[in-house]
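Peer 1: quick one: sequence plus predicted model below, questions after.
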Amino acid sequence: MFKLNLKIILRSIWKNKISSFINVIGLAIGLAACLMLLIYVMYEWNFDKQSKDSANVHVVMTNVLDDKGKVFVTFNGSTTAFAPLIKREIPEVQYISRMDYGNMGLIANGINGFKKKSKFAEPDILKMYDYHFISGDPKTALTDPRSVILTESTAKTLFGTTDVLNKTVKYQEKENLKITGVIQDLPENSSNRFDYLMPWSFYEIVDEGARDLNWSNYSFVTLVSLRSDANLDLVNKKIDELVKRNNKQVSQPNFLFPLNKMHLYGKFEEGKSVGGDIEQIWLFTALAIGILLIACINFMNMATAKSEKRAKEVGIKKTIGANRRSLIVQFLAESMMLTLISVIIAIVLIESFIPVFNNLLNIKMSIPYFNSYIWLGLLSVVLLTGLIAGSYPAFYLSSFNPTQSLKRNVEGKGFFSFSLRKVLVIGQFCFTIILIISTLVIYKQIQFIKNKPVGFDVNALVEMPQDGQLVEKFELLKTRLLKSGAVTSMYQSSVNLSHHGSNFTGLEWQGMPQPENKVMFNRVGTTYDYISTNGIKLTSGRDFNKKYASDSSAVLVSASAVKVMGLKKPVGEVIKMFDTNFTIIGVFDDYIWDSPYQSNSPMVVYFNKVGTGAITMRLNASNNLQQNIETITNITKEINPSYPVEIKFMNSIYAEKLTKEKTLGTLSNLFGGLAIFISCLGLFGLISYSAEQRTKEFGIRKVLGASVASLMQLLSLSFIKMILIATILAAPIAYYIMIKWLDNFEFHTTIPWWIIALAAFGTIAISLLTVSYKAYRTAKSNPINALKYE
Amino acid sequence: MIELKNIEKYYANKGVKSYILRHVTTSIKQGEFVSIMGPSGAGKSTLLNILGMLEEPTYGQYEFMGEDVVSLNERKRIELYRNHIGFVFQAYHLIDEMTVAENIEAPLLYKKVPGPERRSRIADMLDRFNMVAKSDLFPNQLSGGQQQLVGIARALVAQPSIILADEPTGNLQSAQALQIMDLFKKLNEEEGITIVQVTHSEVNAAYGSRILHLLDGVIKEDVTVQQTV
């Protein structure tokens, strides 16, 4: 019985090629898109959850209070003195490790040096993360201060092999470290990634900040692993009391937050987690389900459309002794079979497109074949889709009385099914149109920001990190580069031209409204040729100049800083930072240095010889670009041979600021395209069936003298009407969603009516094209073919 | 075998009853070959459907093999289909996705006949209808007459005690029609299968042993056919 059923199912799939194709391909694409998004969701969801005891690991957070005692920012920094105290006083703490935030540091095997991501941590970290040691002993790997653990790929880049235990590498050109372990590469979705790990005890040797046990420097991260039976609230209460008792003057409260929640719930308001990237995860999940639903709707619609034919089959089978159950089983098996084929195609699709997707989102995912949840998930998708899609014929048709179904009068009773079909099609196109409108709005917003002036000429401007010898030999580098003609002007500064704010509030000026300033200012330390290199517009005053000895205590301020300070004649005024006086010598126009989507905080650029970190250069436009870069590379390499030369173009740095929104745009483009494709596929299937059913009617009408155009109209009109309704429903929903989205940006575009018109018109045009092809074929066919049938 | 008492069937439309069948009372014995005749709209097919339990009478009593079947539940009715009743339709109603052999096999599968016996019965049927060479063809590869033979083979394979045929030759050429009628006669005489057929044709009716003439839902005549052969 089963074998025969299977055979018959395959035959009927083959016989109804068009509908099977629409079902299978539509569902396969839907499933592939859905699974791809779900794999991504899983990737994000599993952030920091790889190690066995990850649920017990917490990161120490700090609430920064304003002078009214309200939390105004929460961040994951902590002090050096914190960890030893709570390890001693709080019994629930099992392991604890101080770390730095991680840096790009030079590591070398002989002359073979690379800049790789470094991290310092205490030995307890090896107990919190169950790193997989290829060689070395996790118990002793971090005990000797001058030791280092490499990841597999770092070992391979440096030595070409992982068999490197007890060999020596050089850190930052100075210190020799013994390799005490090689571990497998860390997963991409981990917050604490590194290419090599060094002991905290070594950090204390090379870094003054780490050595100094204090309560004021929050430049460190502390991971705490609690005993599994510990109560987090209770521990946090103890920490609060303990810190207050030991540290009378500083009042920034600390608390523990689960590490595996940081990535998705890392947005804090008033010291409480209020979500974060988890919102994006929900969005993607909704998108995944939406796409799958569209494909399932196709499946159901095709099934209901075919119901007339199936009804006859039900009638026959019943008269030869089939009972209802066997029919239900047969119909369900058929739809499960189609789903199964779709799943197989979907997996093939995912395998071939996952590299593109990875590239797009800049992550590394793969199908986790060995994850039992994925298979369980797939199985339930097959069962659920098969059940939903096959439920109509299975449960509704099988209940028919054989004479009813044999007499072909199902249509009269099918009023419900017909209107259900309409509702489903409208729903499908609603979703599609929302996606199209969103895509257009996102695209327009990106264009809007892209076309907004940055505030200076980003072309021909390059920057590189000020590493190693470049700090001390900067003047030499400057002289040589200027002499070579590759560069017309250059400067060093504490941060790059584009940076996240190094904000501070400790600024004083004449005529302050309150004794203490609360506005955050951004500061940049630099020396000569700042303005002449980057080309930011000076509205008054002048750049730093060697002619004026007093410029060593001079400062440039941005126009918005002048506004905040309320200075009438800013040039010549004296302001005070870190108890040092600076004289304002110039005012420059605000430029975009952080997010292009909002106004950046006011900025002061002060003269500071030790503020090093980045070198910015303006290339000589009269030379070939390639040549310029080569010259800079050669000279820099000569002066600073141990470090690789990393030259970045300012225009690509500024283009990168739009990456996140561009990705969102590409994603909504992609999935919007898929949605409209699947929807049109379904539309085509429906109209095919409608045309087939009405062949006879059309034959009669043609014999009576109906024109091709009137027949086409007859067939297409009802479908076009449905899409119009979908548009009317979708437009306000999409408008509302996109207005909400745009509200996230201080600088945002508007949603003009033509975007909605364009989306509606485009959808109608595409569906008209789909419908009219089939309608034309049907209307053109010879009436005799239709009428002699029966 | 079949006892009908005062069977009525009507549709009520806006308070007006339109009768299909009125006061139909008759009995059909085991081994009879009954033809139901009458003009279009006389209620022939409705009567046959009621006999086949495909439709319920609005009123009246119907006993099939001594059992009251008017309010039979679906499960019991299907039992009857599996074991006692074979249907033959004017439009053949074969399952398009199944081959000839599979179409014939289907009722046996539902009846849960074991494999070896199934195969021997199918072989038997194919042999009897000279269709061995066509067993792997699909219905749309056969002529109308051949399709109807498959339809009859399918009705017979479960070894029913009665065959209900609704204009079995309506879609066929006269030569094929004669072949089918000969077959019915043979089945009736040699195997004692009860046959009830609806037909328009006097010629076809002459093959049977009894004719019920229906007019406007009422049995006008019930005649026994004088066997001329």
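Peer 2: Received the coordinates, thanks.
Peer 1: C-terminal to the lowest-mean-pLDDT helix or strand in chain B, what's the next element?
Peer 2: Ranked by mean pLDDT, DSSP states H and E, the weakest helix or strand in chain B is helix B:74-83, scoring a mean of 84. Tracing the chain past helix B:74-83, the next element assigned as helix or strand by DSSP states H and E is strand B:85-88.
Peer 1: can you give me the pLDDT of residue 56?
Peer 2: All of this is about chain A. pLDDT for A:Asn56: 89.
Peer 1: my bad, chain B
Peer 2: 85.
Peer 1: tell me the SS of it?
Peer 2: Following DSSP: H, G, I helix; E, B strand; the rest coil, we place B:Glu56 in the coil state.
Peer 1: if we can go back for a sec, in the least confident helix or strand of chain B, what counts as buried?
Peer 2: B:Arg77, B:Ile78, B:Leu80, B:Tyr81, B:Arg82 (16 or more other CB atoms under 10 Å in any protein chain shown). All C-beta spots, glycine's among them, are computed from the backbone N, C-alpha and C.
Peer 1: now do stretch A:609-617
Peer 2: A:Gly611, A:Thr612, A:Gly613, A:Ala614, A:Ile615, A:Thr616, A:Met617.
Peer 1: strands - which of the residues you listed land there?
Peer 2: A:Ala614, A:Ile615, A:Thr616, A:Met617 (DSSP state E).
Peer 1: how many neighbouring residues does the closest residue to the third one other than its chain neighbours have?
Peer 2: Residue nearest to A:Thr616 in three dimensions, not counting chain neighbours: A:Glu463, with 4.7 Å by CB to CB, 6 or more residues apart in numbering or on different chains. Residue neighbour count, defined by other CB atoms under 10 Å in any protein chain shown, stands at 21 for A:Glu463.
Peer 1: now do the phi/psi pair for A:Pro199.
Peer 2: The phi and psi values for A:Pro199, taken as degrees, to the nearest 10, are phi -70, psi 150.
Peer 1: for chain B, see how far away it is.
Peer 2: 73 Å (CB to the nearest CB, to the nearest Å).
Peer 1: and if you look at A:Val73?
Peer 2: 69 Å.
Peer 1: quick one, what contacts the nearest residue to that residue once chain neighbours are set aside?
Peer 2: Residue nearest to A:Val73 in three dimensions, not counting chain neighbours: A:Val64, with 4.7 Å by CB to CB, 6+ apart. Applying CB atoms under 8 Å, 6 or more residues apart in numbering or on different chains, one finds that A:Val64 lies in contact with A:Val71, A:Phe72, A:Val73, A:Thr74, A:Phe75, A:Gln252.
Peer 1: run through the bridge partners of the fourth one.
Peer 2: Per DSSP bridges, the residues bridged to A:Thr74 are A:Asn63.
Peer 1: which pLDDT value belongs to it?
Peer 2: For A:Thr74, pLDDT reads 81.
Peer 1: same question, the last one
Peer 2: With respect to pLDDT, A:Gln252 scores 73.
Peer 1: that one reaches A:Asn63, doesn't it?
Peer 2: Yes - A:Gln252 is within contact range of A:Asn63, at 6.3 Å (criterion: CB atoms under 8 Å).
Peer 1: overlap in contacts of the two?
Peer 2: Counting by CB under 8 Å, 6+ apart, nothing touches both A:Gln252 and A:Asn63.
Peer 1: which one of the buried residues of helix B:74-83 is nearest chain A?
Peer 2: Distance to chain A, by CB to the nearest CB, is smallest for B:Arg82 among the buried residues of helix B:74-83, at 3.8 Å.
Peer 1: which ones are touching that closest one?
Peer 2: Here B:Arg82 is in contact with A:Gly321, B:Pro107, B:Tyr110, B:Lys111, B:Ala158 (criterion: CB under 8 Å, 6+ apart).
Peer 1: low-confidence stretches in the stretch 151-300 of chain A?
Peer 2: A:248-251 (pLDDT under 70).
Peer 1: which residue does it bring closest to chain B?
Peer 2: Residue of the stretch 151-300 of chain A nearest chain B, by CB to the nearest CB: A:Phe299 (19.4 Å).
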